[in-house]
Every structure is written in structure tokens, then in C-alpha cells.
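Student: Sequence first, predicted model second:
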Amino acid sequence: MQKGLIALAIGAFTIGMTEFVMMGILPDLAASLKISIPEAGHFISAYALGVVVGAPFLTIFLQNKPPKTALIILAAWIMVFNSLSAVANDYWSLLILRFLSGLPHGTFFGIGAVVAGKLAKEGKTAQAIAVMFSGLTIANVIGVPLGTYIGHYIDWRITFCIVGVIGLLTIVSIIYWLPKFQANENSSFKKDLAIFKRVDLWLVLAIAIIGTGGFFSWYSYIAPLFTEVSKFDAGAVTYLMVVAGLGMTFGNFLGGKLSDTYSPLMATIGLLIGMCIVLMLLTFVADNQITVTIMTFVIGAVAFAIVAPVQIMMMQSAKGAEILGSSISPAAMNAGNALGAYLAGIPLTMGYGYTSPDWVGFALAFVGILIALALFFHRKQKETTLITCKA
């Protein structure tokens, strides 16, 4: 494996830990800041909103710089604002810092995906991108459970300090391991914005937002689901987060394999159908500790298998402005993060139980299927029109 891909994976690990550890420490953070769990869920949405805002603007600002330089700047940003999150002392300061921490997320993955594609062997682009994203899933196996354990038994502030240290490691690994590539001097703001005239791109964005929102509806409130419905001890949440992370890691590589073997769109449709099924099943078995543990692995696998095919579809739809297209894909997924966390919190504030977010997730994934089918028929129509014009 090329060291350059490992450097990208370390960066993805840092991002994955800071994004997903919030779900594990949500109850502890809420108690520390004296706010409710649904209010603490706003920190998840604030980070996701930062990703959505930062992806297009930071990409446009950095895409003419050499990729290595741009990635170092982004890694430094991640390190600084996550470290500052450790000293937040109230709801508003942490909310702002979570927003700022999310800004470089999409651009890092956008530039990183294009670089991973350049490092990939022929016909293995999706799998090379999956290697980069493996850092994000491995974070859910190691970083998130560790951060959850520390946040629960010691102090959630130390968790963010650890993220800052790994951010520093990301900078060092990029400096020494990532090859130099020439800056993309042919891109322009006006030219890149033209991709937003494409119907394909908007449909892929909608799939990323609505479809992945189903996953985040479940994952945002996973800790209280385990403790309040499945009746696990609070300390067991750490180990269950490992199970979820193992599922995500497996699913990440599965998604890359499916995309290279079949088509990214067909892989996405099948995986969204699978997500609907497993989220629905979870609501019926959530009170059983054995079955909920199994379902935690399965849901993590199915949900994260979608990442690679969606990333490839976005790059295909943004041909000519691949970096921008690649960066707004994680932004769209984080819009799904914000949407899922927000919508799933609504039935909780209305007094429904902690399985209600799973039904919200089911509904969002189902809408994602409909959008994916619309994209399928749109592409078929384009192919038919093209054949007719040539004839």
C-alpha cells in the first residue's frame, strides 16, 4: 500500500473521530454543560453545517494550490479548532467551535479523493478511495470507543485534545509520505460553478443528503438507545461503538468492491434498500441485547458501504471540476448528518421512545431509494436521446 494513501487515511481517522465521537459522549457532554440530550444533539448538527458551508468555499479557495499544500492547511485547521473545543465552557462556545471544526472536512476528503485516484492502480479508483475512507471507519473501531470511554469515565475535554494530537500526526504524515502533485491551474470559479447546472449532480447530492440521513438518524442517538431501550450499562456503550465501527470498516471496503465490480448507482440502490430493511428490523429487536449488537454491526456495514459509490458518482457527475464535486459529496452527507440528527430529535422531544429515530431513518432511506431510481431513469433517458441523435 502506498504511504500516500496511509497519510490520507490518518487524516480521515482524525475527521472520523471528531465527527462520530459526539454520538458516544452525548449524554456525558449534556450532563457536563447542564443541557438536554436533544440540545446536545445540536453540536452534531453544527459540525455537519460547518462541513456543508466549508466544502464549496474552502475548495474554491484551495483548489489552485498544490494538493499537498492544501491538505496540510486543512489538517492544521482540524488540529487547531478541535483542540480549542477542549476548552469550551458553555453551550454556545462549543456550538461555534464545532461549526468551525467542521469547515475543512469536505474539502479534505474532496482533494484527498482526487489524490487517491491519482495514486490508484488502473481500475481500482473506488478501492483506493475506500482505503482513504478506511481511516474514518477505523476511527469508529478505535478512536470513537476510546474517546467515548475517556469522555464517560474521565473528561470529554481530553477526547478533543487527543483529536488535536492526531491532527498533528496527520500534518507530519502528509509532509513526509504524500507525493507532490502539480496544482490545478486550469480551474476557475465560474467554470466550476457550471457543474451545478447538471441534473445528475443534484440527484446525487439528494441521494447523499436524504439517503445517508437515514444512517445518522440512528447513529446520532445510538448511546441512549443502548442504555434506555437495550438496558446496557453506560460503560458498555464503548464496546458497542467498536461493533458499529467494525461494521463500518467492513462496509467501507464492501462499497468500494461493489462499485468497481458493478456500477456505483446500482450498488447505491441495493444498499439503500438494505438500509431500510435493517433500520425497520432494529425497532422490533432493540430490547434484546444480543440481536441489537448484531444489528449494530449490520447497520454500520450497510450504511458505510454507500460512501464509496456516492463519492464516485459525484466525481463522475462533476466531470471537469472533480475536486469541487468530490468535496461537496462529504458536505452533502453531512447535510444528511444534520438533517438526520435534527429530524430524529423531533419525536424524542415529543415524548416518543429511543427507537423512534430508527423510523425516521427508515423514511429518509426510502426517499433516497426513490431519488436513486429517478437518477437511474434520467440516465437511461439521456442514453436513449444520445443514441437517437447519433442515428
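Tutor: Happy to help now that I have it. Residues are numbered from 1 along each chain as shown.
Student: Please spell out which residues along the lowest-mean-pLDDT helix or strand in the chain are buried.
Tutor: Lowest by mean pLDDT, DSSP states H and E among the helices and strands of the chain is helix 189-193, with a mean of 73. Across helix 189-193, burial judged by 16 or more other CB atoms under 10 Å covers D192. For glycine as for every other residue, the C-beta is placed from the backbone atoms N, C-alpha and C.
Student: who does the helix or strand following that helix touch, helix- and strand-wise?
Tutor: Counting by DSSP states H and E, the next helix or strand C-terminal to helix 189-193 is helix 199-206. Under the contact criterion of 3 or more CB pairs under 8 Å, 6 or more residues apart in numbering; DSSP states H and E, helix 199-206 touches helix 307-317, helix 322-349, helix 356-390.
Student: Now render these as CSV, adding mean pLDDT and mean neighbour count.
Tutor: What follows is these, written out as CSV (pLDDT from 0 to 100; neighbours: other CB atoms under 10 Å):
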stretch, mean pLDDT, mean neighbour count
helix 307-317, 85, 26
helix 322-349, 84, 25
helix 356-390, 88, 17
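Student: want to throw the ones you listed into a markdown table with distance to T107?
Tutor: Output for the helices and strands packed on helix 199-206, formatted as a markdown table (distance: least, CB to CB, whole Å):
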| stretch | distance to T107 |
| --- | --- |
| helix 307-317 | 14 |
| helix 322-349 | 5 |
| helix 356-390 | 24 |
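Student: for the ones you listed, which one sits closest to L282?
Tutor: helix 356-390 (5.2 Å; CB to CB).
Student: Which secondary structure elements does that closest one sit against?
Tutor: Helix 356-390 packs on helix 199-206, helix 212-219, helix 264-285, helix 322-349, going by 3+ CB pairs under 8 Å, 6+ apart.
Student: Would you mind checking the average pLDDT for the one helix or strand A12 maps to?
Tutor: Assigned by DSSP H and E, A12 falls within helix 3-33. The average pLDDT within helix 3-33 is 91.
Student: Now the element after that helix, going C-ward?
Tutor: Following helix 3-33 toward the C-terminus (DSSP H and E): helix 37-62.
Student: can you tell me the average pLDDT over that following helix?
Tutor: 87.
Student: Mind giving me the packing neighbours of that helix?
Tutor: helix 3-33, helix 67-85, helix 91-102, helix 105-119, helix 322-349.
Student: Apply 7 Å and report the result again.
Tutor: Under the contact criterion of 3 or more CB pairs under 7 Å, 6 or more residues apart in numbering; DSSP states H and E, helix 37-62 touches helix 3-33, helix 91-102, helix 105-119, helix 322-349.
Student: Using JSON lines, lay out the ones you listed together with distance to L254.
Tutor: JSON lines is the format used below for the helices and strands packed on helix 37-62 (distance: least, CB to CB, whole Å):
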{"stretch": "helix 3-33", "distance to L254": "17"}
{"stretch": "helix 91-102", "distance to L254": "27"}
{"stretch": "helix 105-119", "distance to L254": "18"}
{"stretch": "helix 322-349", "distance to L254": "17"}
